[in-house]
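> Sequence unavailable; structure follows:
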Ligand SMILES: [Zn+2]
């Protein structure tokens, strides 16, 4: 098995070498400016850094662990004697050089969040091989029993690397500024399919001598370690277009594929805005409902929550978002996590531009206007416009990286004009492709390539205020939607005492429902809540966006008829965006809500991803 793998590596290295004669694969640079230092990684990349990793791992579903080896190519500074990797809870058995000679290594003290540094003495080695296993409960991995899948017959495994979770199943320099190429050979039980965020070399897998199946993958573009991702399950595949397709469980396929019908058009629209899609295929993996996020932009294979499927394509902005990350995030990556808005703010802006290109300005305005609502709500939640937690640089609270970041770019667009701004952005992605970027680096780039010494423009843009100050600069551009203004009129009429039956909601999209439900006062009469629920069957809604917004309102009003709906929802959906506000809302309701929150979390947490459980424990149990 191992020998066969080495033969494959050799072959792939040769084919890379021949391709490289046309376009050499440069080793991605690291930034060494003071603000680019990543305090969430133990790695010291200036001394020695990983440039490539070959994973050879077996997914053991009985023990819920990944076991095998990670072989890394190392680039060391002259005189460097050691390399430091990040690990979290790994059981390491051996470290050798490329020739199999053992190398001395030591694990430092373990920090609960950051894990432990693994320091390896290089003794001149240019390649090191770490043999190890992950622990059950590894923070990146969720091992689902068959009961939590759509098909109910086979188990499922998926990873979530961002931000610093992958060190729990891969020893790595787990910093977004340290890019590397990778390959993987993943062995899974027969009958399951493995997919990863790279080129699939053996889509159907190959039998192993011990009756399992091995799948091989390759990523030739250097990526930060958090973008290495895996999904294993009973997966089917369907083509959506020449370079797009969807993986999901067979029973989910029809619904998923019909919701994703515009994917190929989206890739074209994105390319029309900011240049070529550089990753080859763009496929999507639609996961079971415990997936903790809306989506994750794993290269070549976006991971998606099934909750975006509402039958009407209303939430495909989520796909536009993850696709946009193929430029902002995956191509040009935040150098450190405090620069995260460079990923999320750019992407939220870009997402809206894709939506406009595909579905027209009115729909894009609805979504931009809702982002503005979300931004205002988050600023309030974080303590108001003076609060440090509203500063863009430094990981602001709520979704401000997304909303405030996008508003920043929309404001620049409005001031300089779309044509000039688009030309700049496209050149920006080209200039920094496959490289890390800091907030300071972006500001320097826009000054050098867009502002070019124009003092009037510099003053109008207020760049430093946007990037580093709390609250919102006075030039912030608010896009308003006519459709949402019409919703607001109906909200006002209902609040004044009008009947729910007078609300013209039959053609409302998810977004119009969200505007309506989120803008209702948090204190309504029981009669009004009864009226809403009876008229629109909100407690039974299969649209997770509408259902969770309704449940938030119900909790704020201690509306007990909605409790069965709340319980069913919390036990079937693990997406943080929906369930975190529900638990937080229950906790705000003192003696009424807190016992409900504790009971629900105790009963539902085995179905949530480890990262979600940790966050909910903090909300509910303060630990
Ligand atoms: Zn994103």
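Yep, that arrived. Keep in mind that this is a model prediction, so the values were computed, not measured.
> I'd like the mean pLDDT over stretch 549-556, please.
Stretch 549-556 carries an average pLDDT of 98.
> Please renumber the chain so that the first residue is 48 from this point on.
Done: numbering now begins at 48, and the last item shifts to stretch 596-603.
> so what secondary structure elements neighbour the top helix by length along the chain?
The longest helix of the chain (DSSP state H) is helix 408-428. Packing partners of helix 408-428 (3 or more Cβ pairs under 8 Å, 6 or more residues apart in numbering; DSSP states H and E): helix 388-406, helix 447-463, helix 529-542, helix 557-566. C-betas here are computed from N, CA, C, even on glycine.
> Now tabulate those helices in TSV and tack on mean neighbour count and mean pLDDT.
Shown next, in TSV, are the helices and strands packed on helix 408-428 (neighbours: other Cβ atoms under 10 Å; pLDDT from 0 to 100):
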stretch	mean neighbour count	mean pLDDT
helix 388-406	24	98
helix 447-463	23	98
helix 529-542	15	97
helix 557-566	20	97
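> now the strands for the stretch 148-297 of the chain?
152-154, 163-168, 174-180, 188-191, 203-206, 227-236, 240-243, 246-247, 253-254, 259-270, 277-280, 283-288, 291-295 (DSSP state E, counting those that start in this stretch).
> just checking, what packs against the fourth one?
Spelled out, it's strand 188-191. strand 203-206.
> same question, the longest one
When contacts are defined as 3+ Cβ pairs under 8 Å, 6+ apart, strand 259-270 packs onto helix 49-67, strand 227-236, strand 240-243, strand 246-247, strand 253-254.
> Just after the worst-scoring helix or strand of the chain on mean pLDDT, pick out the following helix or strand.
Every helix and strand of the chain was ranked by mean pLDDT, DSSP states H and E. The lowest is helix 49-67, at a mean of 34. Per DSSP states H and E, the first helix or strand lying C-terminal to helix 49-67 is strand 95-107.
> Let's verify the closest residue to the ion within the stretch 498-647 of the chain: helix, strand, or coil?
Distance from the ion to each residue of the stretch 498-647 of the chain (Cβ to the ion) is smallest for residue 624, at 11.5 Å. Three-state call for residue 624 (DSSP: H, G, I helix; E, B strand; the rest coil): helix.
> how close does the closest residue to it other than its chain neighbours sit to the ion?
Leaving aside its chain neighbours, residue 624 sits nearest to residue 341 (6.0 Å; criterion: Cβ to Cβ, 6 or more residues apart in numbering). Per Cβ to the ion, to the nearest Å, residue 341 is found 8 Å from the ion.
> Give me the neighbour count for residue 341.
20 (other Cβ atoms under 10 Å).
> Model confidence score at it, please.
For residue 341, pLDDT reads 95.
> Let's see the pLDDT reported for residue 155.
Predicted confidence (pLDDT) for residue 155: 98.
> could you dump the helices and strands packed on helix 408-428 to JSON lines with distance to residue 322?
Shown next, in JSON lines, are those (distance: least, Cβ to Cβ, whole Å):
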{"stretch": "helix 388-406", "distance to residue 322": "12"}
{"stretch": "helix 447-463", "distance to residue 322": "17"}
{"stretch": "helix 529-542", "distance to residue 322": "32"}
{"stretch": "helix 557-566", "distance to residue 322": "29"}
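> how about the residues of the stretch 298-447 of the chain near the ion?
Selection of the stretch 298-447 of the chain residues close to the ion by Cβ under 5 Å from the ion yields 391, 394.
> So in terms of bridging, what pairs with the most centrally placed residue in the chain?
Note on the chain: the residue nearest the mean C-alpha position is residue 343, at 3.3 Å, using Cα atoms, centre = their mean. Beta-bridge partners of residue 343, counted by DSSP bridges, are residue 350.
> ok, it - contacts?
Residue 343 makes contact with 207-209, 276, 349-350, 369, according to Cβ atoms under 8 Å, 6 or more residues apart in numbering.
> Same question for residue 130.
By Cβ under 8 Å, 6+ apart, residue 130 lies in contact with 94-97, 121, 123, 166-167, 169, 175.
> Could you do residue 625 as well?
Residue 625 neighbours (Cβ under 8 Å, 6+ apart): 354, 591-592, 595, 616.
> Can you lay out the contacts of residue 343 as CSV showing pLDDT, distance to residue 147 and neighbour count?
CSV is the format used below for the contacts of residue 343 (pLDDT from 0 to 100; distance: Cβ to Cβ, whole Å; neighbours: other Cβ atoms under 10 Å):
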residue, pLDDT, distance to residue 147, neighbour count
207, 97, 34, 24
208, 98, 29, 25
209, 97, 34, 22
276, 98, 30, 25
349, 98, 38, 25
350, 98, 36, 25
369, 98, 41, 26
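> Switch those residues over to CSV; also include distance to residue 474.
Output for the contacts of residue 343, formatted as CSV (distance: Cβ to Cβ, whole Å):
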residue, distance to residue 474
207, 33
208, 30
209, 27
276, 30
349, 26
350, 30
369, 24
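> between the residues you listed, which is nearest residue 156?
Residue 156 lies nearest to residue 208 out of these, by Cβ to Cβ, at 23.4 Å.
> and the closest one, how far is that from residue 339?
Going from residue 208 to residue 339 by Cβ to Cβ, to the nearest Å gives 12 Å.
> One more: residue 309?
Distance, residue 309 to residue 339, by Cβ to Cβ: 25 Å.
> Look at those two and report which has more neighbours.
Using other Cβ under 10 Å, the more surrounded residue of residue 309 and residue 339 is residue 339, with 23 against 18.
> Okay then, goodbye and thanks.
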